[in-house]
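Novice: Structure here, sequence nowhere to be found:
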């Protein structure tokens, strides 16, 4: 069936509602890597077996990541006319007691995290209701609104993550999906869409923070018969892997954003560039593209608007530098992923020398809600210069590793203490890396800083891609500098001399300091090399590579000095 | 490698612009490596200089290999969180276990940066399954016995 009218879309929506709120029992199990590492696959198998043995009429559905990674494996039970129950730490040996509880119409209270009566649908401002009454035995269990983990959060891009089957387009539609596309294609002109995105204040979520509306406008106005829109899913930051879970949790969200962008910019083709080795995300995205094509959200004459658009999925072949726009495009063309100088912008000459607009996956996911609820709604969220929310994957020396989405302006302290539960007992917070290697590290003293593009830039850091790593006092900052410098040295494409040779020299010096043969003048040399790389490197990888050395030198200089002068590693990590 | 298989792969990507990387992914996926005769054949059929193909393969040396890789892939995560939680020790111990009784072609050991489950750090992935260090080592011993 091709969706041609609002009636068709509503039909798809009600089919999805039937799946999400079936007449029988529905059991949802998270299957993102965070869950799989805790045995989610075994849980699914055990559930199916147990349900059959105890003759329970229920379906088991694999969903994505809900973000509460520290409670995995997470299982949700939806029974007719009852609130949805969310359980944590349901390992396979707990399955039999869970199924027993289900057959008796009760809850397994020892593992119950919260109950959900209704969920706010961020995409359209409505609510999705499971039940209105609370069974008396559940009154003491916190409801979704009382569950503290979600208090500081506002889940716009993660609005469906872990709550729907990523392989069912109907479920995406049931929660307001593709309504923004319908609105954009039938009620808005391309210029009006760009105006709305500009007014919303949305800025690029990949790290740069460039105003998205302005980027789109430049590409729309560029001359060229063919134009392309690209989605960058190639984040190779060490420590950002959890972020990838969002791709596999809600693939239609990315597609809807990309189609709207294609229409606004005047492109007929879109590409999703996926990091190599992410087969689960690849399968889910390809399945989503096939479904969207079958229902007429992709292809010719989309929603009867006369607009034609297709999306292809391309898998990269590794390389951190392929997250850089020109290197990404080279790799998409089937060439080695090396960057080129950007005196001609990719908005004018990008993929196959045509005007090209590249945005990060998180940026694209913000587009449908902005279109449906308007720039006014979106621009009220966040700070003066940074609107909206930011997805953060929090890990490191922290009690609760998790994936979250908080309004811009939330302080690092709130994230670490309220969402992450603080550093483990017996250790103290020492440093924070906000967004991947280019962000460097911040000392614990700056923990009151807000998530904000400009505020973080003022202290020499970056919001980056949102892979936030917490480090405690057992971390050696010189070793951290060495770790990231080694990573960047390996990932340098080798095209320009400052990056290729400079990174190696810096790593050698850091190696020396870590084994106790560092010299006093090494610190000056590191500073000089940092300046050289920032000024003379070809692309942002080389330009931002020294940030880690510069920030550790700035905030933890005495630690370098202790290594050099007394051959002592205060954190006792380096073998001196 | 049978060149008919290469023909098939090329056929599958005919409509795709800039398809070389996708084609190489498919050959690597089917054969476990990129046989030289397949590459010469590819060069002739697609009119791409062999040198250019080799450049691409050696540039992306993590995804592609010119020699067969071990049957079982062991990925040891060296992402930042795993690093903070001593993934270097995991790497050393697992390497020792794999190398015990002489290196064989049974395993392919790969250092990766973040597999997406920092909640379980340090993480080892064997043939797509996420494990901690202890169960990774027992899995390796089990796989060695299956030879």
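Specialist: Perfect, thanks for sending it. Just so it is clear, the model here is predicted, and its values are computed rather than measured.

Novice: quick one: contacts for the closest residue to residue A:144 other than its chain neighbours?
Specialist: Among residues not flanking residue A:144 along the chain, residue A:116 sits closest, at 4.3 Å (C-beta to C-beta, 6 or more residues apart in numbering or on different chains). From N, CA and C alone the C-beta is placed, and that goes for glycine too. By C-beta atoms under 8 Å, 6 or more residues apart in numbering or on different chains, the contact set of residue A:116 is A:83-86, A:130, A:143-144.

Novice: so which of those residues would you say is closest to chain B?
Specialist: residue A:86 (17.0 Å; C-beta to the nearest C-beta).

Novice: Could you confirm the closest one falls within a strand?
Specialist: Yes. Judged by DSSP: H, G, I helix; E, B strand; the rest coil, residue A:86 forms part of a strand.

Novice: Test my guess that it contacts residue A:115.
Specialist: Yes. If you go by C-beta atoms under 8 Å, residue A:86 and residue A:115 touch, sitting 7.4 Å apart.

Novice: Can you name the residues of chain B sitting close to chain A?
Specialist: B:16-22, B:24-25, B:55-56, B:59-64, B:78-81, B:83-84, B:112-121, B:123, B:129-130 (C-beta under 8 Å from any C-beta of the partner chain).

Novice: So which of the residues you listed are in helices?
Specialist: B:20-22, B:24-25, B:55-56, B:59, B:80-81, B:83-84 (DSSP state H).

Novice: now the residues you listed as JSON lines including neighbour count and pLDDT?
Specialist: Formatted as JSON lines, those follow (neighbours: other C-beta atoms under 10 Å in any protein chain shown; pLDDT from 0 to 100):
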{"residue": "B:20", "neighbour count": "18", "pLDDT": "94"}
{"residue": "B:21", "neighbour count": "26", "pLDDT": "95"}
{"residue": "B:22", "neighbour count": "18", "pLDDT": "94"}
{"residue": "B:24", "neighbour count": "23", "pLDDT": "96"}
{"residue": "B:25", "neighbour count": "21", "pLDDT": "95"}
{"residue": "B:55", "neighbour count": "13", "pLDDT": "94"}
{"residue": "B:56", "neighbour count": "20", "pLDDT": "95"}
{"residue": "B:59", "neighbour count": "19", "pLDDT": "94"}
{"residue": "B:80", "neighbour count": "29", "pLDDT": "93"}
{"residue": "B:81", "neighbour count": "31", "pLDDT": "94"}
{"residue": "B:83", "neighbour count": "24", "pLDDT": "95"}
{"residue": "B:84", "neighbour count": "26", "pLDDT": "94"}
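
Novice: Tell me the spacing between the residue lying closest to residue B:87 once chain neighbours are set aside and residue B:88.
Specialist: Computed as C-beta to C-beta, 6+ apart, the closest residue to residue B:87 that is not its neighbour in sequence is residue B:122, at 4.0 Å. Distance, residue B:122 to residue B:88, by C-beta to C-beta, to the nearest Å: 9 Å.

Novice: between the two, who's got more neighbours?
Specialist: residue B:122 (23 against 15; other C-beta atoms under 10 Å in any protein chain shown).

Novice: For that one, list the residues it contacts.
Specialist: Counted by C-beta under 8 Å, 6+ apart, residue B:122 has contacts B:76-77, B:82, B:85-87, B:90, B:132-133.

Novice: Mind doing that once more with 7 Å?
Specialist: By C-beta atoms under 7 Å, 6 or more residues apart in numbering or on different chains, the contact set of residue B:122 is B:77, B:82, B:85-87, B:90, B:133.

Novice: Pull out the buried residues from the contacts of residue A:116.
Specialist: Buried members of the contacts of residue A:116, scored by 16 or more other C-beta atoms under 10 Å in any protein chain shown, are A:83-86, A:130, A:144.

Novice: Just give the closest residue to the one residue sitting closest to the centre of chain B, not the sequence neighbours.
Specialist: What sits nearest the mean C-alpha location of chain B, by C-alpha atoms, centre = their mean, is residue B:63, with 6.0 Å. Leaving aside its chain neighbours, residue B:63 sits nearest to residue A:317 (3.9 Å; criterion: C-beta to C-beta, 6+ apart).

Novice: Just confirm that neighbour contacts residue B:59, I think it does.
Specialist: No. Using C-beta atoms under 7 Å, residue A:317 is not in contact with residue B:59; the gap is 8.2 Å.

Novice: Just the buried residues of the host helix or strand of residue A:367, please?
Specialist: Taking DSSP states H and E as the definition, residue A:367 sits inside helix A:361-379. Buried residues in helix A:361-379, counted by 16+ other C-beta under 10 Å: A:361-373, A:375, A:378.

Novice: among the residues you listed, which two are most distant?
Specialist: A:361 and A:375 (21.2 Å; C-beta to C-beta).

Novice: all strands for chain B, in order.
Specialist: Applying DSSP state E to chain B gives strands spanning B:72-77, B:107-112, B:124-126, B:129-131.

Novice: ok, residue A:139 to residue A:22 distance?
Specialist: Counting by C-beta to C-beta, the gap from residue A:139 to residue A:22 is 25 Å.

Novice: and if you look at residue A:179?
Specialist: For residue A:179, the distance to residue A:22 - C-beta to C-beta - is 23 Å.

Novice: Looking at the two, which one has more neighbours?
Specialist: Ranked by neighbour count (other C-beta under 10 Å), residue A:179 and residue A:22 place residue A:179 first, with 20 against 16.

Novice: pretty sure the more buried one is touching residue A:372, no?
Specialist: Yes. Using C-beta under 7 Å, residue A:179 is in contact with residue A:372, at 5.9 Å.

Novice: ok, residue B:82 touching residue B:121?
Specialist: Yes. With contact defined as C-beta under 7 Å, residue B:82 reaches residue B:121; the gap is 4.5 Å.

Novice: can I get the strands of chain B in CSV with mean neighbour count?
Specialist: Putting the strands of chain B into CSV (neighbours: other C-beta atoms under 10 Å in any protein chain shown) gives the following:
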stretch, mean neighbour count
strand B:72-77, 22
strand B:107-112, 17
strand B:124-126, 23
strand B:129-131, 19
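
Novice: Which of these sits closest to residue A:529?
Specialist: strand B:107-112 (25.5 Å).
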